[in-house]
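Colleague: Dropping a prediction and its sequence here:
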Amino acid sequence: MTVPALNVLERGSGLPLLALHGFPVDHRLMSGCLEPLFGPGERIRRMYPDLPGLGASPGDGVSSTRDVLDRVDAFVDEAIGDEPFLLVGESYGGYLSRALVQRRRAQVLGLALVCPSVFADTSARRVPARTVRRPDPQVIARLAPAEAIEFTDIAVVESAEALERFRADVAPGLAAGDADAIARIRADYALEEPIERGEPFTAPTLIVAGRQDSIVGYRDQWRLVERYPAATFAVLDVAGHNLQFERPELFGALVRDWLDRVAGEPGP
């Protein structure tokens, strides 16, 4: 059976960087926060695929996270082959990225996890109470009721700037995707085996979490640190599950530091 191709946005050339978004949004979540960090001459080939069943990628034959991971792995074979590459994952994409590292640890030169899901089972997560650190009633009052609910669901910063980024990076993905495939994945969301196994992953790593993230929290991510001995671990205040655009300057500085640490390593 032919595996349907993933829809992918690609920018730049050079060392491949694969960015995996959360669930159930699309590639814009990642391209929106990462592209502003790269200059025109930077030798990094950025790939932003829509995960299977999400965005414009077909969900045919996808019934679980295991299927999603297998299809992402096949995409790496097709788009990157056996070249070294960088890997970035946000939320569910972070869950997938941790598993992909186990399959391709010799290829992955660096790993960045943004608000990563540590546990697929939401009942196992230690999350803080829902908190808005920077409310703006005037911004919310101007929204249609449906958009206000969607935006404020996880917003920790309710500014006009955060709303603009939400509209560009999050809302389009929420409105896209294959509803049936999304339901099937939700029903079989967890990978069956522990993700971190064998030897620790020693390449430069970034783990960044939001102090007010009520979706995946920030405490469970600390469990990962010993498995990634070259990790910078950061918990950002005034930031939730959309920390990449609630604290964009600090997020950008952490990602650039990670890229600098990768560049300073011996090897390819």
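Modeller: Arrived safely, thanks for sending. Just so we're clear, the structure is a prediction, and the values are computed from it rather than from any experiment. Numbers count the residues shown, from 1 in each chain.
Colleague: can you map out the strands along the chain?
Modeller: Using DSSP state E, the strands of the chain run over residues 8-11, 15-20, 44-49, 85-90, 108-114, 205-210, 231-236.
Colleague: Save the ones you listed as TSV, and put in mean neighbour count too.
Modeller: In short, each C-beta sits where N, CA and C put it, glycine included. Formatted as TSV, the strands of the chain follow (neighbours: other CB atoms under 10 Å):
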stretch	mean neighbour count
strand 8-11	16
strand 15-20	24
strand 44-49	23
strand 85-90	26
strand 108-114	25
strand 205-210	26
strand 231-236	19
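Colleague: Could you check those and tell me which one is nearest I185?
Modeller: The closest of the strands of the chain to I185 is strand 15-20. By CB to CB, the value is 13.9 Å.
Colleague: dump the residue contacts of the most centrally placed residue in the chain.
Modeller: Centre of the chain computed as the mean C-alpha position; nearest residue by CA atoms, centre = their mean is E90, 1.4 Å away. Counting by CB atoms under 8 Å, 6 or more residues apart in numbering, E90 makes contact with A19, L20, H21, G22, L29, M30, L113, V114, C115, P116, Q244.
Colleague: quick check, nearest of those to I207?
Modeller: Scanning the contacts of E90 for proximity to I207, where the rule is CB to CB, the winner is L113, at 4.9 Å.
Colleague: what about the closest residue to the closest one other than its chain neighbours, neighbour count?
Modeller: Once flanking residues are discounted, L113 sits nearest to G94: 4.3 Å by CB to CB, 6 or more residues apart in numbering. For G94, the neighbour count with other CB atoms under 10 Å is 28.
Colleague: Report the distance from stretch 11-25 to the chain centre.
Modeller: Mean C-alpha position of stretch 11-25 versus that of the full chain (CA atoms, centre = their mean, to the nearest Å) differs by 9 Å.
Colleague: which residues of the stretch 51-200 of the chain fall in helices?
Modeller: 65-79, 92-104, 137-141, 145-152, 160-165, 171-175, 179-187 (DSSP state H, counting those that start in this stretch).
Colleague: Please work out which residues outside the fifth one touch it.
Modeller: Residues lying outside helix 160-165 but in contact with it, judged by CB under 8 Å, 6+ apart, are G32, D136, V139, L143, F151, A155, N242, F245, E246, P248.
Colleague: Can you show me the CA trace of it as CSV?
Modeller: Output in CSV follows, covering the C-alpha atoms of helix 160-165 (Å, rounded to 0.1, in the frame of the first residue of the first chain):
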residue,chain,number,x,y,z
ALA,A,160,-3.5,41.9,21.3
GLU,A,161,-0.1,40.5,20.2
ALA,A,162,-0.8,37.0,21.6
LEU,A,163,-4.2,37.1,20.0
GLU,A,164,-2.6,37.9,16.6
ARG,A,165,-0.2,35.0,16.9
